[in-house]
Structures are given as structure tokens and as C-alpha cells.
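Colleague: next input, structure requested:
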Amino acid sequence: MNSHRALHVVKVMAIVLVAFVVFGFVTMELWNWLMPAIFGLRMITFTQAVGLVLLGKILFGGFGPRGGRGPRGWRRRMEERWAQMSPEERERMRAGMRGRWGCGGFASPSEPVSAPKQS
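Modeller: Residues are numbered from 1 along each chain as shown. Okay, here's the model as predicted:
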């Protein structure tokens with residue numbers, strides 16, 4: 001059983017290495033093709049491109065399953081919170097969102113968003 005696990009670890013490491021090489025190469029080629037022509041930036045090396053891929057993964061993807069929590073996880077948590085709120089709490093949240101962002105707040109798909117009050 002241990003030899004199968006070791007083989008699996010080696011395969012995963014090889015896939016990750018190949019992915020970084022491919023994404024690094026694609027990033028380098030796209031950067032060197034577009035960025036100097038459009039923005040007048042310098043060309044980058046393969047190592048810098050791999051660093052950009054890694055930086056993008058850290059900033060935008062995370063390292064958890066499915067690239068971290070992401071917007072779907074946030075939406076699911078908000079829907080769970082919304083379902084547990086009383087109608088008064090929901091209206092208070094809508095009013096707070098309207099005040100902050102000028103939007104109608106969070107409404108479940110089955111519940112209509114109330115129109116902003118005219119004064």
C-alpha cells in the first residue's frame with residue numbers, strides 16, 4: 001500500500017511541475033507578445049513568468065480545493081445567513097446595503113427585492 005501512495009505522490013508532483021512549466025511558458029509568451037507592444041513594458045524571463053503565475057495563484061486562487069473559497073463559497077455562506085434571518089433583520093440588511101452601496105441588498109431568488117423608498 002505504501003508503494004502505491006508514493007507512486008501517487010510522485011505523479012501529483014510531476015503533474016504540478018508540468019502545469020507550472022506550461023503556465024509559465026504561456027504567461028511568458030503572452031506577456032512578451034502583448035505587454036511591450038501595448039504598454040511599452042520590458043520582456044520577462046521564464047522564471048519571472050513562473051513567479052507571476054505563482055503570485056496570481058496566491059492573490060486570486062488560493063491553495064485550497066477548487067482554488068480556495070472563491071465567490072461561490074461566499075455566496076453559499078450569505079444564502080445560509082439570509083435563510084436564518086427574520087424579515088426585520090433582512091430589511092435592516094437591505095437598508096444597510098442601500099446606504100453603503102446603493103443596491104437593493106441580498107434577496108433570495110424566491111423573494112422579491114423591495115424598491116427603494118422615494119422621498
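Colleague: please state the offset of stretch 27-38 from the chain centre?
Modeller: Averaging C-alpha positions (C-alpha atoms, centre = their mean, to the nearest Å) puts stretch 27-38 24 Å from its chain's average.
Colleague: what does that stretch contact?
Modeller: 41-46, 48-50, 52-53 (C-beta atoms under 8 Å, 6 or more residues apart in numbering). In short, each C-beta sits where N, CA and C put it, glycine included.
Colleague: could you report the distance from Arg92 to Trp74?
Modeller: Separation of Arg92 from Trp74 (C-beta to C-beta, to the nearest Å) stands at 20 Å.
Colleague: more neighbours, these two?
Modeller: Arg92 (13 against 10; other C-beta atoms under 10 Å).
Colleague: give me the element that one is part of.
Modeller: Assigned by DSSP states H and E, Arg92 belongs to helix 87-101.
Colleague: again, but for Met43
Modeller: Per DSSP H and E, there is no helix or strand for Met43.
Colleague: domain ranges for this structure?
Modeller: The chain breaks down into these domains under automatic domain parsing: 2-68, 72-101.
Colleague: reformat these as TSV; add mean pLDDT.
Modeller: Listed next are the domains of the chain as TSV, based on pLDDT from 0 to 100:
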stretch	mean pLDDT
domain 2-68	88
domain 72-101	85
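Colleague: what distance do you get for Arg77 to Leu59?
Modeller: 21 Å.
Colleague: for Phe23, same thing?
Modeller: Plainly put, Phe23 is 15 Å away from Leu59 if you go by C-beta to C-beta.
Colleague: looking at the two now, which is surrounded by more residues?
Modeller: Looking at Phe23 and Leu59 with other C-beta under 10 Å, you find the greater number of neighbours at Phe23, namely 17 against 8.
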